[in-house]
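> Test case, fold it:
(chains A and B)
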2 protein chains.
Amino acid sequence: MIMPVKTSRRTLGVTFDSSGTASIRLWAPRAKAVALLRGQDDTPELLHQQPYGYWQLTTDTLREGDVYRFQIDGKTTVPDPASLDQSGGVHGPSRARTVEGFNWTDSAWVNPKLQDYIFYEIHTGTFSPAGTFQGIQEKLPYLRALGITAIEIMPVAQFPGDRNWGYDGVFPFAVQASYGGAEGLQKLVDACHAHGIAVVLDVVYNHFGPEGNCLPALGQYFTEKYKTPWGNAINFDDAGCDAVRNYFVENALMWFRDFHIDALRLDAVHAIRDFSPKHILRAIREHVEQLMIETGRQYYLIVELDLNDTRFIDPLDRQGYGMDAQWVDEFHHALRVAAGQPATGYYSDFKGITHLAKSYRDAYVYDGMYSEHRQRSFGVKTNGHSGDRFVVFSQNHDQVGNRMLGERTSSLVSFEMLKLLAANTLVSPFLPLLFMGEEYAETNPFLYFVSHEDKALIEAVRKGRKAEFAAFHDEGEAPDPQASGTFQQSKLEWSRLQEPRHQTMFTFYQTLIAIRKRSAALRCTNRNQLTVTAQEETQTLRLDRWCDQEHA
Amino acid sequence: MIMPVKTSRRTLGVTFDSSGTASIRLWAPRAKAVALLRGQDDTPELLHQQPYGYWQLTTDTLREGDVYRFQIDGKTTVPDPASLDQSGGVHGPSRARTVEGFNWTDSAWVNPKLQDYIFYEIHTGTFSPAGTFQGIQEKLPYLRALGITAIEIMPVAQFPGDRNWGYDGVFPFAVQASYGGAEGLQKLVDACHAHGIAVVLDVVYNHFGPEGNCLPALGQYFTEKYKTPWGNAINFDDAGCDAVRNYFVENALMWFRDFHIDALRLDAVHAIRDFSPKHILRAIREHVEQLMIETGRQYYLIVELDLNDTRFIDPLDRQGYGMDAQWVDEFHHALRVAAGQPATGYYSDFKGITHLAKSYRDAYVYDGMYSEHRQRSFGVKTNGHSGDRFVVFSQNHDQVGNRMLGERTSSLVSFEMLKLLAANTLVSPFLPLLFMGEEYAETNPFLYFVSHEDKALIEAVRKGRKAEFAAFHDEGEAPDPQASGTFQQSKLEWSRLQEPRHQTMFTFYQTLIAIRKRSAALRCTNRNQLTVTAQEETQTLRLDRWCDQEHA
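Predicted coordinates for the structure are as follows:
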């Protein structure tokens, strides 16, 4: 190990000691010289070369609030890859700040047991009229009334412009400025805890966005060994990988330690390519375990995973990666086909009611069977893993937003079917996740939107989106992802809640959630206390769950 | 699983039942029609399409000894990817044959314990004047007198022409015709067993050779997900992988079952890219376990591995891949640097005597330390793995042949140093491997040679070899790999054995081997019964080994 990550504090980017002296640390093995530039007309101040490609400087000239950049080899300038503040955008300078000074009021907060999590997925920009963390904060009484126990915030790493799902982030340590930045997020988390709500943060460790990624110029952040849908994979096992691994380990630790986040949701970890003896997820787990000892708090790691591979959730002592839980898209697919969705595309593998029953029983539908869609045998058995290792949903940002017209489920199925979908998720022996607005049958779409600044990229994204849906031209044209209107249309329309139909749905969700929380049998995630039978002819499914004496 | 592999017999290619009826099975999901062509002027006989991309035909028209090809979509013709006989070369037709009918005389043979293996690596083409299996067979009394317990034959899968190390094979099931083909190998194995010598076969499951590879036209044998030094990786986890996995599992089983091979040495398994929940090596292990039950014989799986990753040798119940042993190049590198070899290139990571001592203790030199050469932390601890999990050598085909002039160690170091190198290997707590000829200090080189037929490829190989050694032009020119003379020069010169110097070395090896076999302390591969101390100043190393009462 080049230098073990400190669990107690960040070491990358800028940190200040108690007297206000800045320590600067950058990994840039490709550089021959690195200088700090403060503001526009400043004199470069050279960083000192350290072993393993690091550059270091301790200085009193950089103060909190100052903007800064790094000058590489006397020529190009780049922002700080570990920047905490990119309020000038992804092409602008970094701004020095601390994340350690927040005045937390949540010392009494106790992270709930994972089995008590009921997730509510939020896209910050479209959740509230303001599109900010403050906008979420104002809705906390509402969410508490709904009964969910955790909000899950889509990625907040600084992305280009101010309209993005969050998966185009290029500064993993900088909280999107237009959402309210680092302090805005800290305030939100503190307020959530005051409302008894846990906070899950979606983080992206499998790729960087296509605009504003300054890393390749600095070091081997990427490897040509593996291809991902986004190009060369992030380098977790090739030359130079130690520093890249540490960069992400530090990132995970920062959210827990400095932002009091309760759980991370790691995006699409199947696209993380790592043949190291110790997988990066396992390395993150080990560091988080250490942090838990230091802070005395509980932190969860949850992965989005398209592999049906229990190695990810197997405990460390069984050579697993030790993740606490994983998303199960297959439950969703089986549920939607059972609800009448045409079995095309990636739904084509699913036989509604039978597969839904299988998912209730086994979480994974494909647990060794041959998948026609994937053209291979797929998955392993989940034996021995309790229900709280699996997160299920009847919709989420992807399942809604990856449709050409971004239709929410409420525009696709009947009101009664909406209720049935909600019930299916909330009575499952797994951890249920709602997508913002589904609880009152929001009808606005959730579209794919971006606000890139690079003209060529904007055109490429537009064309890509059109090409993706070329087969669907009967249904109209794919909305322009770059258009501000596409983003505006995707905002929740809270006034709908006043209408009886939407109020009815809200009350239905509220009641279901309350029943789940009250009923020991429904809350229980012991998968042995469950039977399920499916009848193809009548398209019915009977689910029995119990917990000791109680039966549902 | 599309169709489980049968351990009892081959299912791919051509098999004959007892009445001589041929069953033909081919995986070619990219084909729309497949026909059997016998000889030049034959009428095509259509194969029947089966699920999962297989094609099948049962016919009385194809007889043992007939040549055949497959016609794809009425146009191109290809040989059989599971051909057992390519005596017409890699571009020629396949020839139908059986490998089940050999008249074995080795029913009393018992595979030795792995800890008793002393390997002798052989390149068939250059070992004997004839360059055939028969040539090896004639030397068995000699090898028995030397005392080695196993020969390890470099790959024999049919390659282009008749001069090749074996790593350019393109028909994994066809034994190189110029060596003597399938029957020649069977005779050799039978004779080895009669002489009390085990047979290890080197097999290549990480790539196909650059000439005569007919697979891409047929199906997804390769994937673009991963890059290897040879281009796209063999597809073990992408769409279509089930059939590819079965192809290699069948291959491994064939060598044990139909050729009575005692151990496979799997080439460079670090270049096998497989993120499946079940790694292909683990799948092979499981099938081989099954075969062991059926035949009552012991079979070993040994891997060449450049990863210092114990997952490969961890047992199945510890989620490992269950390989019996692995090669440890690092022992060689430390030994050679300790012997005075300049620490350049991939030796640059090694500090002679200290690292050699570490390797005696821990097998891996890099077991978590940062490697400057690899630019990353490398390896894990080997705790809990006994010495018979590791194969060591002071030279092998690669370490000799990858030098520009292919100099054997005998041309590089003094006679006394040769003895010291031999002793270092043979007193180690690991499994020693000799490279043919080292036991009598053969001085002929072992050069890199090929006999491709494709002109452009020949030029590319020539250029590549020159470029590889461009920095070494002071030492002369890299010999032409395609020249017949390069191959001829690399043959062992057995007449040398008559000369006193070479006879002395032979006797030295013979004695050392005898001592190892006689001494319980030296034979023992319990790594706890060993101490080693190194003195940098005096460049000395003291190794103590014992076994209960006995001490060496």
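
> count of neighbours near A:Asp474?
Around A:Asp474 there are 5 other residues, counting by other C-beta atoms under 10 Å in any protein chain shown. Placement of C-beta: from N, CA and C, glycine included.

> Please apply the same query to A:Val34.
24.

> State the number of residues packed around the closest residue to A:Pro141 other than its chain neighbours.
Nearest residue to A:Pro141 in three dimensions, chain neighbours excluded: A:His195, at 7.2 Å (C-beta to C-beta, 6 or more residues apart in numbering or on different chains). By other C-beta under 10 Å, the residues close to A:His195 number 12.

> Check A:Tyr321 too.
25.

> Ok, A:Gly131 next?
By other C-beta under 10 Å, neighbour count at A:Gly131 equals 21.

> cool, and the one 4 residues further on?
Burial of A:Gly135 is recorded as 21 neighbouring residues (other C-beta under 10 Å).

> Also A:Pro445?
19.

> quick one, what contacts the nearest residue in space to it that is not next to it in sequence?
Nearest residue to A:Pro445 in three dimensions, chain neighbours excluded: A:Gly406, at 3.6 Å (C-beta to C-beta, 6+ apart). By C-beta atoms under 8 Å, 6 or more residues apart in numbering or on different chains, the contact set of A:Gly406 is A:400, A:445-448, A:479, A:490.

> list the contacts for A:Tyr366?
By C-beta under 8 Å, 6+ apart, A:Tyr366 lies in contact with A:308, A:330, A:349, A:374, A:378-379.

> Of those, which is the most crowded?
Sorting those by how many neighbours each has (other C-beta under 10 Å) puts A:Glu330 first, at 27 neighbours.

> Distance of A:Asn111 relative to B:Glu477?
Counting by C-beta to C-beta, to the nearest Å, the gap from A:Asn111 to B:Glu477 is 69 Å.

> Looking at these two now, which is surrounded by more residues?
More neighbours surround A:Asn111 than the other of A:Asn111 and B:Glu477, with 20 against 12 (other C-beta under 10 Å).

> So the more buried one sits against A:Tyr299, correct?
Yes: shown here, A:Asn111 and A:Tyr299 form a contact pair, counting by C-beta atoms under 8 Å, at 7.2 Å.

> what does chain A have sitting close to chain B?
Proximity of chain A to chain B, by C-beta under 8 Å from any C-beta of the partner chain, involves residues A:1-2, A:52, A:220, A:224-227, A:237-242, A:273, A:275-278, A:307-311, A:314, A:318-319, A:368, A:370, A:374-377, A:379-380.

> give me every residue that touches the residue nearest to A:Tyr179 when sequence neighbours are not counted.
Nearest non-adjacent residue to A:Tyr179, counting by C-beta to C-beta, 6+ apart: A:Thr124, 4.8 Å away. Residues near A:Thr124 by C-beta under 8 Å, 6+ apart: A:131-133, A:135-136, A:153-154, A:156, A:176, A:179.

> Can you tell me which of those is closest to chain B?
A:Met154 (26.4 Å; C-beta to the nearest C-beta).

> Tell me the predicted confidence for A:Gln40.
Turning to A:Gln40, the model gives it a pLDDT of 68.

> Could you check how far the residue nearest to A:Pro141 is from A:Glu138?
As judged by C-beta to C-beta, A:His195 and A:Glu138 stand 11 Å apart.

> What of A:Ser386?
Counting by C-beta to C-beta, the separation of A:Ser386 from A:Glu138 is 36 Å.

> of those two, who's got more company?
With neighbours defined as other C-beta under 10 Å, A:Ser386 and A:Glu138 compare such that A:Ser386 has more, 18 against 14.

> For that one, which non-adjacent residue is closest in space?
Of all residues not flanking A:Ser386 in the chain, A:Thr525 sits nearest, at 5.1 Å (C-beta to C-beta, 6+ apart).

> what about that neighbour, how many neighbours?
A:Thr525, neighbours per other C-beta under 10 Å, totals 22.

> hang on, it packs against A:Phe430?
Yes: counting by C-beta under 8 Å, A:Phe430 is a contact partner of A:Thr525 at 7.0 Å.

> Quick check: neighbours shared by those two?
With C-beta under 8 Å, 6+ apart as the test, A:Thr525 and A:Phe430 both reach A:387-388.

> ok, now how distant is A:Phe236 from A:Gln220?
Distance from A:Phe236 to A:Gln220, by C-beta to C-beta: 11 Å.

> nope, A:Phe435 is what I was after
Using C-beta to C-beta, A:Phe435 is found at 37 Å from A:Gln220.

> more neighbours, these two?
It is A:Phe435, of A:Phe435 and A:Gln220, that has more neighbours when counted by other C-beta under 10 Å, with 25 against 21.

> Show the pLDDT at that one.
On the pLDDT scale, A:Phe435 is placed at 98.
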